[in-house]
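A.B. asks: Have a look; sequence and predicted model below, questions after that.
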Amino acid sequence: MLAAFSLRRPSLYVYGRPARVRFRIRSRTRLADVRITITPRGVRKPAGRIRLGPRPAGRDEAVLMTGREAGILPEGSYRLRISARDARGRRLRRGAGISSTGDLLVLHHRFPLAGPFSYGGAGARFGAGRKGHTHQGQDLTAEEGTVVLAPRGGVVKAVQYQAAGAGHYVVLDGAGEQRDYVFMHLRTGSIPVREGQAVHTGQRIGEVGNTGRSSGAHLHFEVWTGAGWYSGGRPVDPLPLLRAWEPAT
Ligand SMILES: [Zn+2]
């Protein structure tokens, strides 16, 4: 019998912190064969099945959901359903008042600022004119010290300083996708990550600052596709991405 089932986190970011599913099976046989199906809301066919295999009955068990159980799950709402069979293959019932389902929202990217911000005007946009070049990113005006978060897990490609330009900046190579993210003008001393470090989606990578060629605290944010930042890729307009990520924040 399913004696307990709970999902601790109602949403998760892929390459972020996993969601923990807890359950307890009560059975006369010592082991139960447990599986969890993941089904998009409003659809019958499961997107994935996690076979947990034989699990001991009579004690609390936990499993971590990453959103990558069946490849990377598309963004959206899912219903998790746990089921179990005893050692003789008999399907175990649910205990009175115990739900065998839980809802999980899967997201692919985290908005990179944890605080109030503004997209600014035309001059803040990708492609805006600058002296001798065009603006390769989107500027996000925010108070100095606003926490900057990794939009996607991955590996930190660069942590550098450029006095006459980017100031303190970080380049992040996104996991499972052809994208680099660049964060410029970060506050002096605010960068807790180093080159080569693996980070998870939503991990702190610095604070909004005003370093380098910058007049007023803001995050200059770039997105590069293909082979990435100055290694064969090209910058793309980050604004549609930012607008898509923002509602979940
Ligand atoms: Zn800028």
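C.D. replies: In hand now; what should we look at?
A.B. asks: okay, CA-based contacts and neighbour counts for the rest of this
C.D. replies: OK.
A.B. asks: what is Leu219 paired to in the beta sheet?
C.D. replies: Beta-bridge partners for Leu219, by DSSP bridges, are Leu140.
A.B. asks: you'd agree it is up against Glu143?
C.D. replies: No - the pair Leu219 and Glu143 does not pass the contact test of CA atoms under 8 Å, sitting 9.6 Å apart.
A.B. asks: Which of the three states applies to Arg85?
C.D. replies: Secondary structure, DSSP: H, G, I helix; E, B strand; the rest coil: Arg85 is strand.
A.B. asks: Please report the distance of it from Thr29.
C.D. replies: Using CA to CA, to the nearest Å, one obtains 10 Å as the distance from Arg85 to Thr29.
A.B. asks: out of those two, which sits in the busier spot?
C.D. replies: Shown here are Arg85 and Thr29; by other CA atoms under 10 Å, Arg85 has more neighbours (20 against 13).
A.B. asks: so the more buried one sits right up against Ala57, yeah?
C.D. replies: No - under the criterion of CA under 8 Å, Arg85 is not in contact with Ala57, lying 10.8 Å apart.
A.B. asks: before we move on, back to that, find residues that contact each of Leu219 and Glu143.
C.D. replies: Overlap between the contact sets of Leu219 and Glu143, as judged by CA atoms under 8 Å, 6 or more residues apart in numbering, is given by 208-209.
A.B. asks: Mind checking which of the two has more residues around it?
C.D. replies: Using other CA under 10 Å as the criterion, Leu219 and Glu143 rank with Leu219 on top: 31 against 19.
A.B. asks: and that one, what does it touch?
C.D. replies: Contacts of Leu219 were listed using CA under 8 Å, 6+ apart, and they are 139-142, 183-186, 208-209.
A.B. asks: ends of stretch 23-39, how far apart?
C.D. replies: 19 Å.
A.B. asks: Mind listing what's buried along it?
C.D. replies: Within stretch 23-39, the residues that qualify as buried are 23-27, 31-39, counting by 16 or more other CA atoms under 10 Å.
A.B. asks: Equivalent analysis for stretch 52-62, please.
C.D. replies: Burial within stretch 52-62, assessed by neighbour count using 16+ other CA under 10 Å, is assigned to 54-58.
A.B. asks: before we move on, what about stretch 160-173?
C.D. replies: 161, 166-173.
A.B. asks: ok, those vs Gln203, which is closest?
C.D. replies: Here the nearest of the buried residues of stretch 160-173 to Gln203, counting by CA to CA, is Leu172; it sits at 11.5 Å.
A.B. asks: Point me to the helix or strand that includes the closest one.
C.D. replies: If you go by DSSP states H and E, Leu172 is part of strand 167-174.
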